[in-house]
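J.: build me a structure from this.
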Amino acid sequence: MRFESIDDDYQVEHWTRQIRTGAWIAILIAAVGAVRILLDWPEPSRWLVYVLIPAVLVQAGLTALPWARIVRRRHARELLFVWWLLELPLLYLFARGDEAALAIYPAGAMVVMVTAAVLYPPVLVAALGLLCIGGFLALANGLPEAEATMIAGLVAVLVAVVGTCVLTAQNRLAQDARRSAAEDRTEALLENASDLVLAVGPDGDVTFASPSARDLLGRDPSSITGERLSTMVHPDDLSKTREFMTTLFAATPEHTARLEIRLRRGDGSWVHTEAIGVNRQANPNLRAAVLSIRDVGARKQMEEQLTRQAFTDALTGLPNRALFRDRVTHAAARNQREAGRITLMLIDLDDFKLVNDGLGHTAGDQLLRVIAQRLTAQLRPADTLARLGGDEFAVLVEDLTELEAAELADRLVRAVREPVTLGIRDVICTASIGISVIKAGVHDLGEADELLRDADLAMYAAKAAGRDGYAVFDPARHSDVLAEAEHRAALERALLEGQFVVHYQPIVELPDRELIGFEALVRWNHPEKGMVGPLTFIPLAEATGLIVPLGRWVLDQACRQLAEWIADHPEAAKLRMSVNLSPRQFQHSALVSEVAAIIERTGVPAGKLVLEITESLLMKDTEVTVRTLEALKALGVRIAVDDFGTGYSSLSYLKRFPVDILKIDRSFVEGITADSGDATLAEAVVQLGRTLRLQTVAEGIETADQWSTLRALGCEYGQGYLFARPVAAAEIVPLIRANLTGTP
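T.: Residues are numbered from 1 along each chain as shown. Now for the predicted structure:
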């Protein structure tokens, strides 16, 4: 039988221990035999002691050999078996000369059998046992005086011992096979497991590393064994790792704890891991803490991503409202402890919605990113800039004096005002900034919660003051600013909830009062105050920019209504609809495209739509105004100059503008019968209209005298309470029938 070389450390240790144990037993037996020869054997037979003594010395020398290395070599165990075989002839020779041979030989043979049973397979043990029994029978055959009964008994004992040794060898092989299978399974599991298993002793040395070290750390397990755990841990995690291991070793057996640490890979990079440690010091085979370590890098990345999403604005990368409020709270706590000074600035971009509506949301997003970069460039590293949402930013700074805060706000305003190139267009955006402060010595954390509110109110004050600037929160104006903010919020809510309605005032030919069209006038159907006139909310809508979406809605409603009337009453096809354009709405970059879209969507004839602009608007940026008016005229709509005579229009400018109608302001009409000056101005407007081939419409006609005077001056059209008040659309239908069909 041939033996394979041994690689299993357990088997090597077992063989080494049993070889040395068997050798010392053999040495002891040989030494006892030598003493017996010297004391009890006859003189002629004592020569055998010279064989036993060298045998004792040789075997004693053999115990000192490095058996842990020898047994790993091929054929080593076959040679060891020869050693065991040589013991039997020595034992036989010794017993042949001793009068107690029948007792000595079986005892020595059983020692050889027991030693062989724990090392060799059953077949060799059985063969060795047969040799032992055969030697005993040969020895007994040479002793005729021996009793047959005793020989038979000793043979039976030897047979029993041999059988027991064979069974022991068989059981040992089965146990080794089970152990080997279990180790193979464990090794296979460790090889294929993603978790790295480390055994760490109380001194911090790694005593075992599983094969997963190759995948997790890019290192061979053998290179980790014997290394200190601390050398593998990130320097920033060393303190908590030492505390973790100390606590784990001090805990009760089988205590489990968890820790997140970074470990160094073979290439020098770091991997985020989670270690689950178990105290296994009570296990005599371990005497260590066992760490099961898994890679949690992907989870950490996901957590960081979720954190960024929860606390970072996705568009600009700035902190969002949640993170900003948290930093304000912490700053307030520091102010309470250290008597510092906190300044909060709320930044709102003026007319940002016009960019979104006119150039699209992509351009709006680009503008926000540029503004965020510019604002960041003006701040210190310790300051916090956040995007609260939409076009609203916030800045948190600490330890600035009032003068320094004002200088910073001015820099921020100027930074925002710089032109921004969006596509092929340069856009100028302005900002309104509200500033609120917690001063040194204030210890009320509740005031910190009010910072945002106060800054918001100050920002509204900056907008009310003309925008493109900043305002510091003034407690003395708190109620006024708060009221303005509430009005703005109510106006926004009214627009979202559809609280606005359009009323229509007829426009007639002055000579015969025949209906020729309507002017669309917006009203606010307030849920608590009832119908509210435009003078109450139009200035606020203009100041806040809400006039743009409101004006767009009015234009759409008026065009839909005219198209409906024309569809229901074919004779109404000659009617026209006048709609006012506010200055901010006229300056809106998407005005022309929006008008074109409304005309197409509603189906109203473009020639029946009259867009009214104020005289003062004509004098602002005349080149741009002319281009916008020409673009509107290209759609087919007509242009009217509202409140004409109250501004400062030059005749040369008026000739350049492609307008169709001049509307005489009601202030002139009101005094036209009593004030010769008003009558003269009204006549001048009418004559100017004739000269420039423009139609003229008088507003605010309330009396018959005013009507007759305007007719005498040659004014073509008029509107006012004398003819009809502005009414809802449902009340217009009877008027259309009465004026256009002649029916009552």
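J.: how about stretch 403-411: buried residues?
T.: 405, 408-409 (16 or more other Cβ atoms under 10 Å). Placement of C-beta: from N, CA and C, glycine included.
J.: mind putting those in a markdown table, distance to residue 171 and pLDDT included?
T.: Shown next, in a markdown table, are these (distance: Cβ to Cβ, whole Å; pLDDT from 0 to 100):
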| residue | distance to residue 171 | pLDDT |
| --- | --- | --- |
| 405 | 89 | 88 |
| 408 | 88 | 93 |
| 409 | 91 | 92 |
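J.: and stretch 326-333, what's buried?
T.: Those would be 328, 331-332, for stretch 326-333 by 16+ other Cβ under 10 Å.
J.: restricted to helices, list the residues you listed.
T.: Counted as lying in helices by DSSP state H, out of those, are 328, 331-332.
J.: what is the nearest of these to residue 467?
T.: Checking these against residue 467 with Cβ to Cβ, the nearest one is residue 328 at 25.3 Å.
J.: list the neighbours of stretch 659-676 that are in contact with it.
T.: With contact meaning Cβ atoms under 8 Å, 6 or more residues apart in numbering, stretch 659-676 is reached by 610, 612, 629, 638-646, 677-679, 681-682, 685-686, 688-689, 694-703, 705-706, 709-710, 715, 720.
J.: quick one: average confidence on it?
T.: For stretch 659-676, mean pLDDT rounds to 83.
J.: return the distance of it from the chain's centre.
T.: Remark: stretch 659-676 is offset 64 Å from the chain centroid, using Cα atoms, centre = their mean, to the nearest Å.
J.: about what we covered before: which of the contacts of stretch 659-676 count as buried?
T.: 610, 612, 629, 638-646, 678-679, 681-682, 685-686, 688-689, 694-701, 706, 709-710, 715, 720.
J.: export the buried residues of stretch 326-333 to a markdown table and tack on distance to residue 624 and pLDDT?
T.: Formatted as a markdown table, the buried residues of stretch 326-333 follow (distance: Cβ to Cβ, whole Å; pLDDT from 0 to 100):
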| residue | distance to residue 624 | pLDDT |
| --- | --- | --- |
| 328 | 42 | 86 |
| 331 | 45 | 82 |
| 332 | 48 | 78 |
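J.: tabulate the residues you listed (TSV), appending distance to residue 728.
T.: Output for those, formatted as TSV (distance: Cβ to Cβ, whole Å):
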residue	distance to residue 728
328	49
331	54
332	53
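J.: of these, closest to residue 519?
T.: The nearest one, if we look at the buried residues of stretch 326-333 relative to residue 519 and count by Cβ to Cβ, is residue 328, at 49.9 Å.
J.: surely residue 263 meets residue 234?
T.: Yes: with contacts counted by Cβ atoms under 8 Å, residue 263 reaches residue 234, the gap being 7.3 Å.
J.: give me the more crowded residue out of these two.
T.: Neighbour tally, residue 263 and residue 234, criterion other Cβ atoms under 10 Å: the higher count belongs to residue 263, 24 against 14.
J.: relative to residue 641, how far out is the more buried one?
T.: Going from residue 263 to residue 641 by Cβ to Cβ, to the nearest Å gives 79 Å.
J.: need the helices for the stretch 201-350 of the chain, in chain order.
T.: Secondary structure of the stretch 201-350 of the chain (DSSP state H, counting those that start in this stretch): helices at 213-216, 221-224, 238-250, 297-311, 321-338.
J.: please work out which of the ones you listed is packed deepest.
T.: helix 213-216 (a mean of 18; mean count of other Cβ atoms under 10 Å).
J.: return the distance of that one from the chain's centre.
T.: 28 Å.
J.: report the secondary structure state of residue 120.
T.: At residue 120 the chain is in coil, as set by DSSP: H, G, I helix; E, B strand; the rest coil.
J.: packing partners for the helix or strand in which residue 601 is found?
T.: Using DSSP states H and E, residue 601 sits in helix 591-602. If you count contacts as 3 or more Cβ pairs under 8 Å, 6 or more residues apart in numbering; DSSP states H and E, helix 591-602 packs onto helix 547-568, strand 609-614, helix 622-635.
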